[in-house]
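# here is my input; please provide its structure:
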Amino acid sequence: MTILVTGGQQGIGLGITRALTDAGYEVVVAAEAPHDAVAPLPQGARYLRHDLADLDAIPALLDAAGPLTALVANAGVPARIRGDMLDLTPANFDHVMGVNLRGGFFLARAVARRMLAAPAPDYRSLIFVTSVSAALASIERAEYCLSKAAAAMMAQLFALRLAPHGIGVFDIRPGVIDTPMTAGVRETYDARIKAGLVPAARWGQPADIAAVVLPLVRGDFAFATGAVVPVDGGLSIPRL
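Sure thing, here's the model as predicted:
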């Protein structure tokens, strides 16, 4: 049983990769970084270099990965520059959308097509790691929020399309997670968490996300296809 994890070489993706390999899955990690720049992966994981923005490279990636039990669409890029959304440039907008939305959609589409073309007895799934930013607005990184809101709709669309075929689709929405992507704003979020931003009163860890992925790929929640799962310590709960 092979699972493809995009962006599985660091942060949330690496946490997911470790949990899946510990559970006995073969994991294919796809990321843009050169192989010699990737941290050692756990036993049971192999690495394929892939740029999500390069749609022409998708068939070769999936050929090398082999038949998949699941896709964990985790890779993403942050806003290049945090700042006034009124100053957002088309180039920076396109950069985020090209990876987080366009690349993610066409990879998931290709995986779905292959799953439908080769039915298997085992449960299969697509899992989109989006963000609380799919619903919570941050005007200093508008392009990121827009990409994640669209990715959340993408998960819903795939869930509807694939439900008749028994392929589950889920949207996992991390909150403030301790990863290299958030390292530059650590002091800011330390203060905000201390002030009550996260009801759980701590940073999330990649292992928190991985703990949710495991039962989803096993099929424990197969009839809940289309579900949105916030993994944010209560951050997204509306409060007065």
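# who touches Phe221 in this structure?
Taking CB atoms under 8 Å, 6 or more residues apart in numbering as the criterion, Phe221 is in contact with 168, 170, 215, 227. All C-beta atoms are positioned from the backbone trio N, CA, C, and that covers glycine.
# among those residues, name the ones in strands.
Residues of the contacts of Phe221 located in strands (DSSP state E): 168, 170.
# of the contacts of Phe221, buried ones?
With burial judged by 16 or more other CB atoms under 10 Å, the buried subset of the contacts of Phe221 is 168, 170.
# how close does Pro119 get to His165?
8 Å (CB to CB, to the nearest Å).
# which strands and helices sit next to the helix or strand Leu4 falls within?
Using DSSP states H and E, Leu4 maps to strand 2-6. Where contact means 3 or more CB pairs under 8 Å, 6 or more residues apart in numbering; DSSP states H and E, strand 2-6 is packed against helix 11-22, strand 26-31, helix 58-65, strand 70-73, helix 104-117.
# beyond the shortest one, next helix or strand please.
Using DSSP H and E, the helix or strand that directly follows strand 70-73 along the chain is helix 90-97.
# show the average pLDDT along that next one.
Per-residue pLDDT over helix 90-97 has a mean of 97.
# elements contacting it?
helix 142-162.
# tell me which strands and helices the helix it packs on is in contact with?
By 3+ CB pairs under 8 Å, 6+ apart, helix 142-162 packs against helix 90-97, helix 104-117, strand 124-129, strand 167-174.
# which neighbours in the sheet does the last one have, and how are they oriented?
Under the criterion DSSP bridges, strand 167-174 sits next to strand 124-129 (parallel), strand 228-231 (parallel) in its sheet.
# okay, angle between it and helix 11-22 too, please.
Put simply, strand 167-174 runs at 130 degrees to helix 11-22, going by axes from the mean of the first three to the mean of the last three CA atoms, to 10 degrees.
# quick one: strand 167-174 to helix 142-162, angle?
Here strand 167-174 runs at an angle of 160 degrees relative to helix 142-162 (the same axes, to 10 degrees).
# so how far is strand 167-174 from its chain's centroid?
Computed by CA atoms, centre = their mean, to the nearest Å, the chain-centroid distance of strand 167-174 equals 9 Å.
# which element is encountered next along the chain beyond that strand?
Immediately after strand 167-174, counting by DSSP H and E, sits helix 186-194.
# which parts of that next one are buried?
For helix 186-194, the neighbour count (16+ other CB under 10 Å) marks 189, 193 as buried.
# nearest to Ile81, of the helices and strands packed on helix 142-162?
Closest to Ile81 of the helices and strands packed on helix 142-162, according to CB to CB: helix 90-97, at 6.3 Å.
# number of residues surrounding Ala142?
20 (other CB atoms under 10 Å).
# I'd like the distance between it and Gly103.
For Ala142 relative to Gly103 (CB to CB), the value is 19 Å.
# Pro206 now?
From Pro206 over to Gly103 (counting by CB to CB), the distance is 22 Å.
# the two: which is more packed in?
Gly103 (24 against 21).
# got the contact list for the more buried one?
By CB under 8 Å, 6+ apart, the neighbours of Gly103 are 51-55, 75.
# got TSV for those residues, with pLDDT too?
Putting the contacts of Gly103 into TSV (pLDDT from 0 to 100) gives the following:
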residue	pLDDT
Asp51	93
Leu52	93
Ala53	92
Asp54	94
Leu55	96
Ala75	92
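# restricted to helices, list the residues you listed.
Counting by DSSP state H, no part of the contacts of Gly103 is found in helices.
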